[in-house]
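1. Based on what follows, work out the 3D shape:
(chains A, B, C and D)
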2 protein chains.
Amino acid sequence: MSPKRTRGQNAGLTRQAILQAALELADREGLKALSMRRIGQELGVEAMSLYQHVGGKEALLDGLVEQLFTQAAPPLAEASSWEEGLREYAHTLMRVLLAHRDVVPLVVGRPAITPRNLRLMEEALRILRAAGLPPERALDMLYAVTGFVVGHVAILAAGGRDRHTPADRLQAIPDPDLRETPLLAEAARAQPARAGGRDAPDPRFGFALEAMLRGFASL
Amino acid sequence: MSPKRTRGQNAGLTRQAILQAALELADREGLKALSMRRIGQELGVEAMSLYQHVGGKEALLDGLVEQLFTQAAPPLAEASSWEEGLREYAHTLMRVLLAHRDVVPLVVGRPAITPRNLRLMEEALRILRAAGLPPERALDMLYAVTGFVVGHVAILAAGGRDRHTPADRLQAIPDPDLRETPLLAEAARAQPARAGGRDAPDPRFGFALEAMLRGFASL
DNA sequence: CCACTATACTTACGTCGTAAGAATCGGCGC
DNA sequence: GCGCCGATTCTTACGACGTAAGTATAGTGG
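-> Here you go, the predicted model:
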């Protein structure tokens, strides 16, 4: 039945296990649910037990962000051209961030220069350079694409939140406001309602990304 | 001296005054300092008094974000071409967000569809359309540029934070990590240390923005 | 001068991150 | 077997947070 433990009995806690539990919890119940007590509860453990493995809440959040970027990095490795490499990178990062939209606000305002992430950037630079880019431009483009993806997913995620909040907010653009903004209404109608629900790829994203890549190529 | 008030005496509170005090406080002491009690203290008032004017902390943060976008919007109004209009918009938004970098994390994960912001978007669409853009593309570009700016400033702001945290973090890339990432080190050297301190314009930003505009033009 | 309303204050509750210390386990030498 | 020790978990406690509920004061129209 319930595997009741007594006091000092090892509960199998690991930094990785904690991060994963935290990520799942955030995906399921949102950012506000991410309290030490709640995460512990998810693992059948008291809050203070976590401190043996993660060192504090701030460090835990840093770990979450690192996990996200780690998930997004691999596919850059095999690419025939730098355009293709950047495109793959952008789409994969987008997919990962969208899969964990509630965690996106954490990505912002948290330095991405953990040792692990630095190694990821190095790898990306290596690929881009091998494809014929000058190293300085390669870094510029990597920054540009990463920033663009983060910003875009931020806007998308923002529009789609309010699942966990008291629902007293407007979940779509209210009619009276639409009536005062005819151009906006027209453009919104032209772009039909996002098909496929929350995880469908955003056509607007592809449009802007291609524009960016095309601009890179013409420099 | 200290203008001690008694109980029901009007303290001159306004939604605007509260938002401005909160913004200044955030700029001065960071996001963590933004508690209702602390904001009240800044205005010589108890925390609960604020609730008469702002309706809750979440609403207050929404208000902060709205203020930022409102500051960034006007200059789009006078532009000779849509490229010029978008460029001005991007640079102004960038400048505003950089001037309040600590507030940037709030922009992410907060829907930008307050009535006021909708009107701003409508205005922007009007300008872009008058410059000859199809309305659907105009909206696409507006989203793309906004997302790009937010993402880019997010990355910059993230690198520059840690002024307010216990300073136990690394504030630059530590040497041992640099040694393991030669390409990154080389690219970082090629791009000399950001001149002019925290508020200088980022050359990387201009590069990516121009690439994006050029890409738009070629569609 | 008196009710009425707007405004600010007081108190209180539950939750948060986490410091300090007590309790319990697994595994070691003997 | 026994005693001990480091690792791991739990308990308790503190101050700060957002805010619901209720109270007191100032200004205002009669």
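2. Report how many residues lie close to A:Ala26.
-> 21 (other CB atoms under 10 Å in any protein chain shown). For glycine as for every other residue, the C-beta is placed from the backbone atoms N, C-alpha and C.
3. State the mean pLDDT of the host helix or strand of A:Arg87.
-> Using DSSP states H and E, A:Arg87 falls within helix A:82-99. Across helix A:82-99, pLDDT averages out at 88.
4. That helix: which residues count as buried?
-> For helix A:82-99, a neighbour-count test (16 or more other CB atoms under 10 Å in any protein chain shown) marks A:82-83, A:85-87, A:89-98 as buried.
5. Tell me the one among those nearest to A:Gln16.
-> A:Val96 (17.3 Å; CB to CB).
6. can you map out the helices along chain A?
-> Under the criterion DSSP state H, helices of chain A are mapped to A:15-29, A:36-42, A:51-54, A:57-72, A:82-99, A:104-107, A:115-130, A:135-159, A:175-180, A:182-190, A:203-217.
7. Quick check: which of these is nearest to B:Val153?
-> helix A:135-159 (8.1 Å).
8. Is any residue of that closest one near chain B?
-> Yes. For helix A:135-159, a contact with chain B is found by CB under 8 Å from any CB of the partner chain, at A:135-136, A:138-141, A:143-144, A:146-152, A:154-155, A:157-159.
9. For that helix, enumerate the helices and strands it packs against.
-> helix A:82-99, helix A:104-107, helix A:115-130, helix A:203-217, helix B:135-160, helix B:182-190, helix B:203-217 (3 or more CB pairs under 8 Å, 6 or more residues apart in numbering or on different chains; DSSP states H and E).
10. What mean pLDDT does it get?
-> 83.
11. distance between that helix and the chain's centre?
-> What separates the centre of helix A:135-159 from the centre of its chain is 11 Å, taken as CA atoms, centre = their mean, to the nearest Å.
12. Relative to DNA strand D, how far out is A:Ala208?
-> 36 Å (CB to the nearest atom of the strand, to the nearest Å).
13. Please disregard the earlier target; I meant A:Lys57.
-> 12 Å.
14. Dihedrals phi and psi, A:Gly55?
-> Main-chain torsions, A:Gly55, degrees, to the nearest 10: phi 80, psi 0.
15. if we can go back for a sec, could you export the helices and strands packed on helix A:135-159 as CSV, including distance to B:Leu120?
-> Shown next, in CSV, are the helices and strands packed on helix A:135-159 (distance: least, CB to CB, whole Å):
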stretch, distance to B:Leu120
helix A:82-99, 26
helix A:104-107, 22
helix A:115-130, 35
helix A:203-217, 19
helix B:135-160, 10
helix B:182-190, 37
helix B:203-217, 20
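16. residue nearest the centroid of chain A?
-> A:Leu97 (2.6 Å; CA atoms, centre = their mean).
17. That one and A:Val150 touch, don't they?
-> Yes. Between A:Leu97 and A:Val150 there is a contact at 7.2 Å, judged by CB atoms under 8 Å.
18. Which residues are in contact with each of the two?
-> A:104, A:107 (CB atoms under 8 Å, 6 or more residues apart in numbering or on different chains).
19. before we move on, back to that, what is the neighbour count of the closest residue to the residue nearest to the centre of chain A other than its chain neighbours?
-> Computed as CB to CB, 6 or more residues apart in numbering or on different chains, the closest residue to A:Leu97 that is not its neighbour in sequence is A:Val153, at 4.4 Å. When counting by other CB under 10 Å, one arrives at 25 neighbours for A:Val153.
20. Surely A:Val153 touches A:Asp102?
-> No. Using CB under 8 Å, A:Val153 is not in contact with A:Asp102, being 11.5 Å away.
21. isn't A:Arg37 right up against A:Ala47?
-> Yes. Counting by CB under 8 Å, A:Ala47 is a contact partner of A:Arg37 at 4.3 Å.
22. Looking at chain A, what residue ends up closest to chain B?
-> Residue of chain A nearest chain B, by CB to the nearest CB: A:Gly151 (2.6 Å).
23. Could you tell me which residues make contact with that residue?
-> B:146-152, B:154.
24. Adding distance to DNA strand C, write the residues you listed out as JSON lines.
-> Listed next are the contacts of A:Gly151 as JSON lines, based on distance: CB to the nearest atom of the strand, whole Å:
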{"residue": "B:Thr146", "distance to DNA strand C": "31"}
{"residue": "B:Gly147", "distance to DNA strand C": "29"}
{"residue": "B:Phe148", "distance to DNA strand C": "32"}
{"residue": "B:Val149", "distance to DNA strand C": "31"}
{"residue": "B:Val150", "distance to DNA strand C": "26"}
{"residue": "B:Gly151", "distance to DNA strand C": "27"}
{"residue": "B:His152", "distance to DNA strand C": "29"}
{"residue": "B:Ala154", "distance to DNA strand C": "22"}
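25. out of these, who's nearest A:Ala211?
-> For the contacts of A:Gly151, the nearest to A:Ala211 is B:Phe148 (10.3 Å; CB to CB).
26. Number of residues surrounding the closest residue to that closest one other than its chain neighbours?
-> Ranked by CB to CB, 6+ apart and with sequence neighbours excluded, the top spatial neighbour of B:Phe148 is A:Phe148, at 4.7 Å. Counted with other CB under 10 Å, the neighbours of A:Phe148 add up to 27.
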